[in-house]
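Undergrad: Dropping a prediction and its sequence here:
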Amino acid sequence: MQDSLVYLNGQLTPLADAKISVLDRGFIFGDGVYEVIPIYAGQMFRAEQHLARLSRSLAKIRIDNPHSNSEWINLIEQLSQTHPAQNQIVYIQVTRGVAPRAHAFPAHTIPTVFMMCNPMVLLSDTVRSQGVACVSMEDLRWLHCEIKSISLLGNVLSAQYAAEQSATEVIQFRDGFLTEGSSSNVWIVKDNVLLAPPKNNLILEGIRYALVEELCSASKISFSSRPISRAEVFGADEVMLTSASKEILPVVSIDSKPVGTGRPGPMFSQLYSAYQQAKPPAKPSAKK
Ligand code: PMP
């Protein structure tokens, strides 16, 4: 672990040697953004969309994007090739850089760019076929959830709330309407229609959001993006989570109350198999 390579400010360096200043504004203020891109058998999945979201997050906090998309892709490939795992998650973080501590932006700083690759641990078929338990809570985060900010205290506290109740994820509500999980988007199914909350400042638009929309139109599944009340979530036929590492995951209970039949539903099965078709294929095993 300590000798695995990470990328820091232009260099591949062993994790143990990767050091930043304590005055980095990422450390002092959480002043930065991040991205997480899945890599299947050496191929990034939806890299363009992830890098576009990184650009949007950077623009929202007014940090110039330090790299073009092709530079990012080269850097990610160089790093990921030093790691043996077939399936990886690359984590990218860009902060405003190092400056004397003062809240407003410093005049001149060089962004700090950090990347690491870790094995992507996919959920077992057993977990996915059983579905997972979630707990509900009020969404207490700020009003710029569309920015993939490294200031994640709200998400950390909600994830901890779930962990303490042995739940996989929280289902958050703001003023009685569904927002998202601590690190995933939430979908419900009612009468064969898939529903998700609108893409606005109250949720992070997951890269799987548009992907699921595409899968729906290819599979002739009705989809609607609109505010979803708490009563609709608790009365849903199916509830699902999506994220890079969860892919699509069925939720079978919320606050110990069963969702629908209490088993993963048919819409989940259909979307999950469409997702498996859409993602890069596993590497063919070497010829004997
Ligand atoms: N919402 C939040 C708050 C998240 O952290 C994530 C994970 N990045 C998502 C939604 C899902 O996004 P994606 O599909 O890009 O993984």
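TA: Happy to help now that I have it.
Undergrad: From now on I want contacts and neighbour counts done on CA atoms only, so please keep to that.
TA: Will do.
Undergrad: Contact residues of this structure facing the ligand?
TA: 182-185, 204, 206-208, 242-244 (C-alpha under 6 Å from any ligand atom).
Undergrad: okay, now the residue of the stretch 1-150 of the chain found nearest the ligand: neighbour count?
TA: Nearest residue of the stretch 1-150 of the chain to the ligand, counting by C-alpha to the nearest ligand atom: Val36, 6.4 Å away. Counted with other C-alpha atoms under 10 Å, residues neighbouring Val36 total 22.
Undergrad: in the sheet, who's paired with it?
TA: Tyr91 (DSSP bridges).
Undergrad: That one contacts Ser243, doesn't it?
TA: No - look at Val36 against Ser243 with C-alpha atoms under 8 Å: they stay out of range, at 9.8 Å.
Undergrad: can you list the weak-confidence ranges in this protein?
TA: Residue ranges of the chain with pLDDT under 70: 283-288.
Undergrad: tell me the contacts of the nearest residue to Arg263 once chain neighbours are set aside?
TA: In this structure, Arg263 finds its nearest non-sequential neighbour in Val252, 5.7 Å apart by C-alpha to C-alpha, 6 or more residues apart in numbering. Residues near Val252 by C-alpha atoms under 8 Å, 6 or more residues apart in numbering: 130-134, 238-239, 258-260, 262-264.
Undergrad: Give me the buried entries from those residues.
TA: Neighbour-count burial (16 or more other C-alpha atoms under 10 Å) applied to the contacts of Val252 gives 131-134, 238-239, 258-260, 262-264.
Undergrad: Could you pull out the helices in the stretch 1-150 of the chain for me?
TA: 25-29, 47-60, 69-81, 125-130 (DSSP state H, counting those that start in this stretch).
Undergrad: do the stretch 151-288 of the chain as well
TA: 153-164, 207-219, 230-234, 266-278.
Undergrad: what would those look like in TSV with mean neighbour count and distance to Ile61?
TA: Formatted as TSV, those follow (neighbours: other C-alpha atoms under 10 Å; distance: least, C-alpha to C-alpha, whole Å):
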stretch	mean neighbour count	distance to Ile61
helix 153-164	16	18
helix 207-219	16	20
helix 230-234	17	32
helix 266-278	15	32
